[in-house]
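Structure for the following, please:
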Amino acid sequence: MKPPHLILATIALLIMGAGAGWLARLSANRDLGRPGVRVEAAGEADLLRILLPGQVLDYQSRPVDPMEAELAVLPKDTTIGRRIYTATDGFEIMLTVVLMGTDRTSIHKPEYCLTSQAWQILDRSTLAVAIDRPADYALPVREFIASRLVQQADGTAARWGGVYLFWFVADGHLTASHYDRLLTTTKDLLQTGRLARWAYVSCFATCQPGREAQASERVQQFIAAAVPEFQTTGPATSAP
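Numbering: from 1, shown residues only. Here you go, the predicted model:
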């Protein structure tokens, strides 16, 4: 006979699996909501392009194509926008926006983005980044502090630090919580019959170990300046 804790764990997994299947059936053939980020038609069928700013503060940027591994596992109607922004002192921030289509599996738990690339998450916290356009509001942001051992060109290993800040946005919705996003999706489907079109926005920067606080401060300043340039959902449109 299974120990009680294993029985409870099995029941919990069955409930979560049933819930996921129910939500998938509920999502099928539903109207798709509008994005909470700026997009334009990409010229083919219903494909879109995410409009990220070319310059933010003193950061110049270059576009980065999605990796083949990403395209292989994500639904075909997923839209990915990514740019690397470089400040005048060389500090770099990678801004990525993953916009779902009709398939909710375009967006996954943020932990996978780091751990799949050998980053170890050391600390987690929730922040509020002050945005002053088009009006003053606090953007909810989740932050992971991470560490990774990297093989250098000379064969030696060096440890890097990393800061990963992210949130989720749809038309009328803002949250830093993956689970709140799922609950909001279910609520919208039940009340309106519309599937919220979520975008998963993230900023990532590497740094020397012990310099994570300074790196995070710079990324937050970047977010405050960049968000009004590409995000359409703000305080006036966010659902309570």
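
Pull the residues that contact stretch 140-153.
110-111, 114, 117-129, 157-167, 174-177, 209, 212, 216, 220, 223 (CB atoms under 8 Å, 6 or more residues apart in numbering). Using the backbone N, CA and C atoms, a C-beta is placed for each residue, glycine as well.

Please list only the buried members of those residues.
110, 114, 119, 127, 129, 161-167, 174-176, 212, 216, 220, 223 (16 or more other CB atoms under 10 Å).

In the chain, what residue spans correspond to helices?
For the chain, the helices defined by DSSP state H cover 4-27, 68-73, 111-115, 178-192, 212-230.

and those helices, which one's lowest on average pLDDT?
Among these, helix 4-27 carries the lowest mean pLDDT, a mean of 40.

tell me the contacts of residue 228?
By CB under 8 Å, 6+ apart, residue 228 lies in contact with 131, 132, 133, 134, 234.

Lowest-confidence one in the residues you listed?
residue 234 (78).

quick one: that one and residue 201, what's the gap?
13 Å (CB to CB, to the nearest Å).

Neighbour count for these two, which is higher?
Ranked by neighbour count (other CB atoms under 10 Å), residue 234 and residue 201 place residue 201 first, with 26 against 19.

give me the number of residues near the nearest residue in space to that one that is not next to it in sequence?
Leaving aside its chain neighbours, residue 201 sits nearest to residue 97 (5.2 Å; criterion: CB to CB, 6 or more residues apart in numbering). By other CB under 10 Å, the residues close to residue 97 number 23.

what do you get for the one 5 residues further on?
When neighbours are defined as other CB under 10 Å, residue 102 has 17 of them.

Residue 208 now?
Neighbour tally, residue 208, other CB under 10 Å: 12.

if we can go back for a sec, mind checking which of the contacts of stretch 140-153 are in strands?
The strands, defined by DSSP state E, take in 120-129, 157-167, 174-175 from the contacts of stretch 140-153.

Next one, pLDDT for residue 64 please.
For residue 64, the model assigns a pLDDT of 97.

how close does the spatially closest residue to it that is not a sequence neighbour sit to residue 155?
Nearest non-adjacent residue to residue 64, counting by CB to CB, 6+ apart: residue 82, 4.4 Å away. Remark: distance between residue 82 and residue 155 (CB to CB) = 30 Å.

if you count what's nearby, which of the two comes out ahead?
Shown here are residue 82 and residue 155; by other CB under 10 Å, residue 82 has more neighbours (20 against 6).

and that one, how far is that from residue 160?
20 Å.

swap in residue 59?
Taken as CB to CB, the span from residue 59 to residue 160 is 20 Å.

quick one: buried residues of stretch 194-214?
In stretch 194-214, counting by 16+ other CB under 10 Å, buried: 195-207, 212.
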